[in-house]
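K.L.:
using only what follows, build the 3D model:
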Amino acid sequence: MARKFGKKREAANKLIEPRRYTLEEAMPLLKKTHFTKFDETVEVVLRLGVDPKHADQMVRGTVVLPHGLGKTKKVLVIASGDKMKEAEAAGADMVGGEEMVDKIQKGWTDFDAVIATPDMMKSVGKLGKVLGPRGLMPNPKTGTVTFDVAKAVQETKAGKVEFRVDKTAIIHTPVGKISFEPLKLIENARLLIDSVLKAKPTSAKGKYVRSLTVTSTMGPGIKIDLASVGAH
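P.N.:
Predicted coordinates:
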């Protein structure tokens, strides 16, 4: 596979000049460098000047992208009583209680997002080893542990994404598909970047955003001029 894409990847690399681009320049260029047949995911990658080992320098949050991600997420809601009906009415794909926890413990993972009501978290907490590594564990900070299940389902379906700095101080978050019009990718990316800038920890010292790149699944990365997105 690597050899097959070698020449195409080299040709794509040659289209990118050794300089920093604006988002308005980068997104159309990203589409020009696309050389595979599948609809690749476009990602924004930010390298931050924080130390994630310190809890007070953790950067995370959620943002509802104005143009979504190009695919509707399969949403599972784990709830009880009337909240189950509320979740179904809001458009959840699967709704259940304890039986869903048992199903997941037995290896079922056919969903893209999990929302739980606070009263179910004692049971859902058992799923940490399964859901945690996949970034699917419900969390109050990201709005996925809530009694307002209707709002949570609607936002997730509308294109809510979570951003979270990893242990190497990097955030990489999807902002759409390569088939999107450049303007939609620009608007999604700008909103995500603004959200990360607003999430700057007060304890972070020095330069907060060290570098910013946009890339597609198989394509080359395009470096973005930080001043052009207000991250200088």
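
K.L.:
look up which residues are beta-bridged to residue 170.
P.N.:
Here residue 170 sits in beta bridges with residue 47, going by DSSP bridges.

K.L.:
count the neighbours of it for me.
P.N.:
For residue 170, the neighbour count with other C-beta atoms under 10 Å is 15. In this view, the C-beta of every residue, glycine as well, is placed from N, C-alpha and C.

K.L.:
that one contacts residue 45, correct?
P.N.:
Yes. Counting by C-beta atoms under 8 Å, residue 170 touches residue 45, with 6.5 Å between them.

K.L.:
could you list the low-pLDDT ranges of the protein?
P.N.:
For the chain, the stretches flagged by pLDDT under 70 are 1-5, 232.

K.L.:
which parts of the chain are strands?
P.N.:
Taking DSSP state E, the strands of the chain run over residues 41-48, 60-64, 75-78, 94-96, 113-116, 160-164, 170-177, 209-216, 222-223.

K.L.:
quick check: which of these is buried the most?
P.N.:
Between these, strand 75-78 has the highest mean count of neighbours, a mean of 27, where neighbours are mean count of other C-beta atoms under 10 Å.

K.L.:
and residue 106, how far from residue 99?
P.N.:
In this view, residue 106 and residue 99 are 11 Å apart by C-beta to C-beta, to the nearest Å.

K.L.:
which residues touch residue 97?
P.N.:
78, 79, 80, 84, 120 (C-beta atoms under 8 Å, 6 or more residues apart in numbering).

K.L.:
need the max-distance pair from the residues you listed.
P.N.:
Within the contacts of residue 97, 84 and 120 form the most distant pair, 10.4 Å apart (C-beta to C-beta).

K.L.:
out of these two, which sits in the more crowded spot?
P.N.:
The neighbour comparison of residue 84 against residue 120 (other C-beta under 10 Å) goes to residue 120, with 22 against 18.

K.L.:
you'd agree the more buried one is up against residue 76?
P.N.:
No. Contact criterion C-beta under 8 Å: residue 120 and residue 76 do not qualify, at 11.6 Å.

K.L.:
surely residue 61 and residue 199 touch.
P.N.:
Yes. The pair residue 61 / residue 199 is scored as a contact, 4.9 Å apart, by C-beta under 8 Å.

K.L.:
run through who's touching stretch 178-194.
P.N.:
Outside of stretch 178-194, the residues within contact range by C-beta under 8 Å, 6+ apart are 23-24, 27-28, 30-31, 34, 39-42, 44, 46, 63, 65-67, 70, 161, 163, 173, 175-176, 212, 214, 216, 219, 229-231.

K.L.:
typed the wrong thing, it's stretch 208-220
P.N.:
With contacts defined as C-beta under 8 Å, 6+ apart, stretch 208-220 is touched by 5, 9, 12-13, 16, 23, 26-27, 30, 33-36, 38, 40-50, 175, 178, 189, 193, 196-197, 200, 221-224, 226, 229, 231.

K.L.:
so which of those residues sit within helices?
P.N.:
5, 9, 12, 13, 23, 26, 27, 30, 189, 193, 196, 197 (DSSP state H).

K.L.:
so how far is residue 116 from the residue lying closest to the fourth one once chain neighbours are set aside?
P.N.:
Once flanking residues are discounted, residue 13 sits nearest to residue 220: 5.1 Å by C-beta to C-beta, 6 or more residues apart in numbering. In this structure, residue 220 and residue 116 are separated by 39 Å, where distance is defined by C-beta to C-beta.
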